[in-house]
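In: Quick one: sequence plus predicted model below, questions after.
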Amino acid sequence: MPKKMLKVRAPAWPEKTSKFILEKMRKPEARFDESCRFCNINEEPVVENIPESGSFRVLESRFPYLPQHVIITHKEHVASIHELNFNEFAEFGKTVKKVFRAAKKEGVSLSANGNTGLIAGQTIPHLHIHLFPREVKLEKGMPLYELHKGAEFFDPLALPILHYLKSKGSLPENAVIPKRGEGIPALILRFSSFDELFSKKGFESLQQAFAETQAAFEHLKQNPEDAVLPPGYKKEFGKQIGKLLRERTTQGFGVNWSIREAEDGGVELLVLPRATAIDLKDAKKRIAALELFANVKLHRGGLKPDEEKEWDAREKKFKGLVRKALE
């Protein structure tokens with residue numbers, strides 16, 4: 001049985017054309033881009049100066065998924081989490097750990113989520129990490145959510161890429177791939193704690209996961225006959241894999257990633273490969289990015305007055321929690 005998702009009514013999102021997105025994805029040579037809204041801090045800071053961190057700030061989300069949604073950005077124009085040096089990665093870890101712990105005391109389990117690459121939904125090549133609740137729940141007095149029958153929705157090339165890596169013995173030693181129907185089809189790196197994740201070992205595991213998944217994609221694109229059919233899928237899907245690799249990989253490679261606390265008390269880093277090109281103008285064909293990690297489907301039609309009032313109240317409360325945790 002597919003897991004039920006929630007449909008989330010959220011503030012309206014302006015239309016973005018392919019041309020707009022591609023122009024914004026051009027990377028400057030320096031660690032500053034005058035046209036980048038994160039370099040220029042066009043968003044309202046929630047926490048401008050984080051103690052023990054000179055590299056990051058916390059900003060409001062201009063287009064939030066949920067009322068409890070803030071963004072951690074690097075102060076310089078770095079495109080992806082795997083492009084950080086180890087000291088920056090460790091700084092980011094301290095920030096995440098503090099906010100996660102503060103939210104947990106309030107009964108809220110968070111996830112930290114990011115996109116790398118245009119194909120993965122990254123429309124601004126400046127590292128920005130989304131913090132929001134791991135699971136959205138229907139709550140009395142919160143009229144924003146309605147039940148929506150869910151289905152498995154993810155990049156169809158994700159599992160072939162991951163199982164090719166597994167067949168070659170190229171997975172990090174702490175990595176697992178969930179069986180079909182047992183979770184998000186991602187490479188899951190497991191750690192005993194936040195401290196282990198944001199250690200040298202965790203940093204190296206992250207680097208390996210990003211490098212190996214991209215290398216696997218590049219190999220399979222040139223050699224689609226080497227693709228591995230994931231367990232539980234019919235042979236017909238194997239034929240589709242080759243067709244997708246030949247015809248639908250025109251936007252390069254990318255990754256959606258997420259950090260979350262595990263049920264056993266540990267911490268998990270999920271790495272979800274993205275390679276299948278879609279029509280950016282057709283919302284119905286859009287394969288979920290961050291929505292996948294929150295198990296929601298967004299409806300950006302704007303909010304009713306009573307919804308907006310409730311949204312603002314919850315947003316204010318969450319920002320207060322973040323400030324208290326970091327200032």
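Out: Good, I have the coordinates.

In: Considering only helices and strands, which part of the protein has the lowest mean pLDDT?
Out: When the helices and strands of the chain are scored by mean pLDDT, DSSP states H and E, helix 18-24 comes last with a mean of 44.

In: The helix or strand immediately after that helix in the chain pairs with which strands, and in what direction?
Out: Using DSSP states H and E, the next helix or strand after helix 18-24 towards the C-terminus is strand 45-47. Note on strand 45-47: by DSSP bridges, its sheet partners are strand 56-60 (antiparallel).

In: So for the partner strand, what gets flagged as buried?
Out: 56-59 (16 or more other CB atoms under 10 Å). Yep, even glycine has a C-beta here, placed from its N, CA and C like the rest.

In: next one: stretch 90-107
Out: Quick answer for stretch 90-107 (16+ other CB under 10 Å): 90-100, 102-103.

In: Could you tell me how far that stretch lies from the centre of the chain?
Out: Taking the mean of its C-alpha atoms, stretch 90-107 sits 17 Å from the chain's own mean (CA atoms, centre = their mean, to the nearest Å).

In: swap in stretch 229-240?
Out: The chain centroid and the centroid of stretch 229-240 are separated by 26 Å, computed with CA atoms, centre = their mean.

In: Check stretch 125-137 too.
Out: 7 Å.

In: avg pLDDT for it?
Out: Stretch 125-137 carries an average pLDDT of 88.

In: Pull up the distance across it, start to finish.
Out: 32 Å (CA to CA, to the nearest Å).

In: got it, and stretch 187-197?
Out: Stretch 187-197: ends 15 Å apart by CA to CA.

In: pLDDT (mean, whole number) over that stretch?
Out: Computed over stretch 187-197, the average pLDDT equals 97.

In: which residues are contacting it?
Out: The contact list for stretch 187-197 (CB atoms under 8 Å, 6 or more residues apart in numbering) reads 93, 96-97, 100, 162, 165, 171-172, 174-178, 202, 205-206, 209, 213, 259, 262, 266-273.

In: Among these, name the buried ones.
Out: 93, 96-97, 100, 162, 165, 171-172, 174-175, 177, 202, 205-206, 209, 213, 259, 267-273.

In: So which bits of stretch 182-196 are buried?
Out: Buried, per 16+ other CB under 10 Å, within stretch 182-196: 184-191, 194, 196.

In: what do you get for stretch 302-315?
Out: 303, 307, 310-311, 314-315.

In: Would you mind giving both backbone torsions of the closest residue to residue 101 other than its chain neighbours?
Out: Distance criterion CB to CB, 6 or more residues apart in numbering; nearest residue to residue 101, sequence neighbours excluded, is residue 325 at 7.3 Å. Residue 325 adopts backbone torsions of phi -70, psi -30, taken as degrees, to the nearest 10.

In: what's around residue 325, how many residues?
Out: Residue 325 has 19 neighbours, counted by other CB atoms under 10 Å.

In: What is the most widely separated pair among the buried residues of stretch 90-107?
Out: Farthest pair in those (CB to CB) is 90 and 103. Separation: 20.8 Å.

In: mind listing what residue 10 touches?
Out: 63-66, 144, 298-300, 303.

In: Got the confidence number for it?
Out: Value listed for residue 10 in the pLDDT field: 80.

In: mind listing what residue 183 touches?
Out: Counted by CB under 8 Å, 6+ apart, residue 183 has zero contacts.

In: Sweet, I'm off.
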